[in-house]
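1. heads up, no residue letters with this:
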């Protein structure tokens, strides 16, 4: 998992509240094979990005340049609600989105973002609304996110502090998913196994 330390990227405003995981990636696309060569990004926000004939909806945020290359989303409340599908995090990450800023998140989606090296940053709704207004007014504006200092810097230079559980912060800074977290204890695990099988060799 790629560590998350600092990020400065083009940010896109999403004024919608309650963006559920089926909006992020419709369930029918979860049957697709995700590989290093072909990710889930073609299906990100698919039903919002495209009409029934497969044509782009010109008014949808990510269909507008330069938001096609956004690395940060500033959303409304309850982002990632609904089902627990981890594919929603995959689709955003494959698009290039490393951070979502919102007043609140679906609990499981929040954890899925962290598990995949993304930062879900919680700010009060009034701050999110201010950032979204600035981004809408200046297309292509960037936001900077510093996990170490737990600050977000908006297009106008204003800085906002956000909170994150220390264990989540450590995992993101070090790039540790669940497997990486366990592997930190590998010497202790191997030492235990050596002692264990020495006492009970018939288990080996």
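-> Looks like it arrived, so ask away. Quantities reported herein were computed from a predicted structural model and do not represent experimental measurements. Numbering: from 1, shown residues only.
2. Now do the helices in the chain.
-> Secondary structure of the chain by DSSP state H: the helices cover 21-24, 46-49, 87-95, 107-115, 125-137, 166-174, 178-183, 186-199.
3. other SSEs contacting the fifth one?
-> When contacts are defined as 3 or more CB pairs under 8 Å, 6 or more residues apart in numbering; DSSP states H and E, helix 125-137 sits against strand 6-13, strand 72-74, strand 99-102. Heads up, the C-betas are built off the backbone N, CA and C, glycines and all.
4. And for the first one?
-> Using 3+ CB pairs under 8 Å, 6+ apart as the contact criterion, the secondary-structure elements in contact with helix 21-24 are helix 87-95.
5. what comes up buried for the helix it packs on?
-> Buried residues in helix 87-95, counting neighbours by 16 or more other CB atoms under 10 Å, are found at 87, 88, 89, 90, 91, 92, 93, 94, 95.
6. which one is the last one nearest to, not counting chain neighbours?
-> Here the nearest residue to residue 95 in space, its sequence neighbours aside, is residue 41; by CB to CB, 6 or more residues apart in numbering that works out to 4.2 Å.
7. My understanding was that that neighbour contacts residue 91; is that so?
-> Yes - using CB atoms under 8 Å, residue 41 is in contact with residue 91, at 6.2 Å.
8. about what we covered before: residue 170 versus the residue nearest to residue 95, what's the distance?
-> Residue 41 sits 28 Å away from residue 170, going by CB to CB, to the nearest Å.
9. Could you do residue 104 as well?
-> Residue 104 is 23 Å from residue 170, by CB to CB.
10. Over to residue 77?
-> 27 Å.
11. if you count what's nearby, which of those two comes out ahead?
-> Using other CB atoms under 10 Å as the criterion, residue 77 and residue 170 rank with residue 77 on top: 15 against 12.
12. so the more buried one makes contact with residue 124?
-> No - using CB under 8 Å, residue 77 makes no contact with residue 124, being 10.3 Å away.
13. What about residue 193, how many residues nearby?
-> For residue 193, the neighbour count with other CB under 10 Å is 12.
14. one step back: take the helices and strands packed on helix 125-137 and write them to CSV, including distance to residue 142.
-> Output for the helices and strands packed on helix 125-137, formatted as CSV (distance: least, CB to CB, whole Å):
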stretch, distance to residue 142
strand 6-13, 6
strand 72-74, 8
strand 99-102, 12
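15. Spit out the contact partners of the residue nearest to residue 95.
-> 91, 94, 95, 96 (CB atoms under 8 Å, 6 or more residues apart in numbering).
16. Output the residues you listed as CSV; include the columns distance to residue 110 and pLDDT.
-> Below are these laid out as CSV (distance: CB to CB, whole Å; pLDDT from 0 to 100):
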residue, distance to residue 110, pLDDT
91, 16, 97
94, 19, 97
95, 18, 97
96, 20, 96
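17. Of these, which is the nearest to residue 192?
-> The closest of these to residue 192 turns out to be residue 94 (CB to CB; 37.9 Å).
18. Can you give me every residue that contacts that closest one?
-> Contact analysis of residue 94 by CB under 8 Å, 6+ apart lists 34, 39, 40, 41, 44.
19. Then residue 112?
-> Residues in contact with residue 112 (CB under 8 Å, 6+ apart) are 80, 84, 86, 88, 89.
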